[in-house]
Each structure stands twice: as C-alpha cells, then as structure tokens.
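1. structure for the following, please:
(one chain, ligands or ions: 2)
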Amino acid sequence: MKNLLRPREMTKQAKLGYEGYAIALEVVDIHKSYGKIKAVNGISFKVNPGEVYGLIGPNGAGKTTTLKIIVGLLKPDKGTVKIYGYDILREREKALKLVGYIPENPSVFQYLTIQEFLEFIGSVRGVNQSELQDKVNYYLELFNLHDKRNNLLGSLSRGMLQKVLAIAAFIVKPKLLVMDEPMAGMDPESQYVFKKEVLRMVKEEKVAAIISSHLLYLVEQICDRIGIIHKGKIILEGTINQIREHIKEKTLEEIYLKIIK
Ligand SMILES: Nc1ncnc2c1ncn2[C@@H]1O[C@H](COP(=O)(O)OP(=O)(O)OP(=O)(O)O)[C@@H](O)[C@H]1O
Ligand SMILES: [Mg+2]
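-> Numbers count the residues shown, from 1 in each chain. Ligands and ions are numbered 1, 2, ... in the order given. Reported below is the predicted structural model:
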C-alpha cells in the first residue's frame, strides 16, 4: 500500500501531488463531435489507483475519442478530465507526467531503431539514464525483442511494433496507463506477458489502468470494472459479476452481444 492514503486521510490532505488523491482518473460529462458526428456524448467515469477499467463497445462507439481526450490529444467540446486531481486542459504538463499511453494507430518514427526510440521516450520523460537502460533491457528480454533492438521501427511487424509501444508506456513509470487496443497483433505469448506486466504494475505499484479492447476474454481476465460504450455513451458499468447478475448471462461475450443488440 506504498504511497496510498485512505479516502478519509485524503480529504484532509488534498493537493499532495498524485499520492494524495484517491481517484486516478476522473472523467466528467465529456462531449466531442466531429462535424455532425457525435463521437462522445456525455461520458463520465472514475478509475482508482490499483484498478483496471475496461472500455468495450462496437467499432465507432467512441472509445478512441474518449481515450484521446483523456491524454489531451483531443480537446472536448464540453466536460473535464482530471488525472490524480490535475486538469488535463489547465494543468496539462503535470497531468501528462503521470501517464503512459499506448495509442491505437501508431505513427511513430519510422527511421529510429527500437533502442533509439525507447531511449528517446525515456529521456523526454526524464527517466534516470541508468534506470532507463535497465528497464529497456528488461522489457526487451521480456517481450522477446532483445535481438531486434537495432531494427528500425518502420521494419517491424504490427505485433512487434505494438510491443515496442507497450514498452514505451511501461518505462516512463506511469501512475495511469491509458491503453487503446494494446494487444492488437500480439501473439498469445506476448499477450500473456503483457497482461501479467499490466497486472503487476496495477496490483504491486497501485498504477491505475484503462484499456479499450475487442478481446473480451482478456478484458474479462484483467479488468476490475467495465464500461460498455455505445454511440458515445456508457450504457452499462460495473464489475463483471455485477453486470453478469444484472444481464443474466454468463460470459462477457454473451453479455456484450445481448446489450449491444
Ligand atoms: N478524425 C475524425 N474525423 C471524423 N470522424 C471521426 C474521427 N475520428 C473518429 N471519428 C468518428 O467518431 C466516431 C467514434 O470513433 P472512435 O474512433 O472513437 O471509435 P472506437 O470506439 O474507438 O472504434 P473502434 O472500435 O473501431 O476503434 C466514429 O463514428 C468515427 O467515424
Ligand atoms: Mg478505437
């Protein structure tokens, strides 16, 4: 329970930096339209430290738009996002220092090698040099990429690139992991390693995580709570067990299909 205060202590000791806040991510009534398309239409939810929140929903439901608003890549038309108390629009730098982000459609530096890219990300984010090297080596081994460290990003397969992006999010020591379809293209072994590492960070280091995914079995395995998003709104939220009892279906796949229909 390192660095964590209980809720009662927290109200007494507001503004201590991220350790002082009970809520890692607070999204309040965000809206976003692209022209006439209402991509996000009044979404609110919270994620606590030590919790994985899963965002699931059909193509075009608004998951990526929501996650881009959370990490400050898109400005909402309305609503607020706070990361450990820091407003993503007004206190952007402080808020983003706490975030590790795995984007959905990566367009990364094609002409950097894996090693160069990870060193660049770590340096920009102020990770101590020797710690950075240790982390890069550790994760490249873990994800079976150690012999590819000098390969250009532009030459990697989809799954390999996805693993490099996951490593880039892990090495910056995030307090909030924001992951948009992070396992797309990963082979089963890599999915397993990825899942295990996210859960380690969440349970041991009390990192908060939000993940959007179409891989429902994985969502079911790692998420503490789930929000089902449809047409820009969260239409159902709760733990898998709460949702199961409410919908009266066994698997998340059955629940999902019933709700979306
Ligand atoms: N840059 C854009 N310009 C115009 N419309 C957009 C843009 N980005 C997203 N949209 C639209 O906004 C809606 C929500 O898209 P979003 O990418 O957030 O969905 P998603 O839930 O992430 O879908 P997927 O499961 O396919 O990744 C869709 O109707 C999409 O066509
Ligand atoms: Mg998406």
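2. the stretch 51-200 of the chain against ligand 1: which residues are in contact?
-> Counting by CB under 6 Å from any ligand atom, the stretch 51-200 of the chain comes close to ligand 1 at Gly57, Asn59, Gly60, Ala61, Gly62, Lys63, Thr64, Thr65, Glu104. From N, CA and C alone the C-beta is placed, and that goes for glycine too.
3. partner residues bridging the nearest residue in space to Gly238 that is not next to it in sequence?
-> Nearest residue to Gly238, sequence neighbours excluded (CB to CB, 6 or more residues apart in numbering): Arg225, at 6.4 Å. The residues listed as beta-bridge partners of Arg225 by DSSP bridges are Tyr53.
4. what's Arg225 in contact with, if anything?
-> By CB atoms under 8 Å, 6 or more residues apart in numbering, the contact list for Arg225 reads Glu51, Val52, Tyr53, Gly54, Glu237, Gly238, Thr239.
5. on that earlier part again, ok, of the residues of the stretch 51-200 of the chain next to ligand 1, which come out buried?
-> Burial by neighbour count, 16 or more other CB atoms under 10 Å: within those this picks out Gly57, Ala61, Gly62, Lys63, Thr64, Thr65.
6. show the pLDDT at the second one.
-> Here the pLDDT value assigned to Ala61 is 96.
7. does it belong to a helix, a strand or coil?
-> Per DSSP: H, G, I helix; E, B strand; the rest coil, the local secondary structure of Ala61 is coil.
8. quick one on the thing from earlier: gap between the residue nearest to Gly238 and Lys175?
-> 18 Å (CB to CB, to the nearest Å).
9. hang on, isn't Gly154 packed against Tyr111?
-> Yes - if you go by CB atoms under 8 Å, Gly154 and Tyr111 touch, sitting 6.5 Å apart.
10. for the stretch 101-250 of the chain, which residues are neighbours of ligand 2?
-> Applying CB under 5 Å from the ion, we find that the stretch 101-250 of the chain lies next to ligand 2 at Glu104.
11. run through the strands of the stretch 101-250 of the chain in chain order.
-> Secondary structure of the stretch 101-250 of the chain by DSSP state E, counting those that start in this stretch: the strands cover 176-180, 208-212, 225-230, 233-238.
12. would you mind saying which of these lies nearest Glu253?
-> strand 225-230 (12.2 Å; CB to CB).
13. and that closest one, what's its mean pLDDT?
-> Average pLDDT, strand 225-230: 95.
14. that strand near ligand 1 at all?
-> No - Strand 225-230 is not in contact with ligand 1 by CB under 6 Å from any ligand atom; minimum separation 6.8 Å.
15. export that strand to CSV, keeping only CA atoms.
-> Extracted in CSV, the C-alpha atoms of strand 225-230 (Å, rounded to 0.1, in the frame of the first residue of the first chain):
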residue,chain,number,x,y,z
ARG,A,225,-14.7,-2.9,-13.7
ILE,A,226,-16.1,-2.5,-17.2
GLY,A,227,-17.9,0.3,-19.0
ILE,A,228,-19.9,-0.7,-22.1
ILE,A,229,-19.9,2.2,-24.5
HIS,A,230,-22.4,2.5,-27.4
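16. returning to that earlier point: could you dump the strands of the stretch 101-250 of the chain to TSV with distance to Leu252?
-> Formatted as TSV, these follow (distance: least, CB to CB, whole Å):
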stretch	distance to Leu252
strand 176-180	18
strand 208-212	13
strand 225-230	7
strand 233-238	12
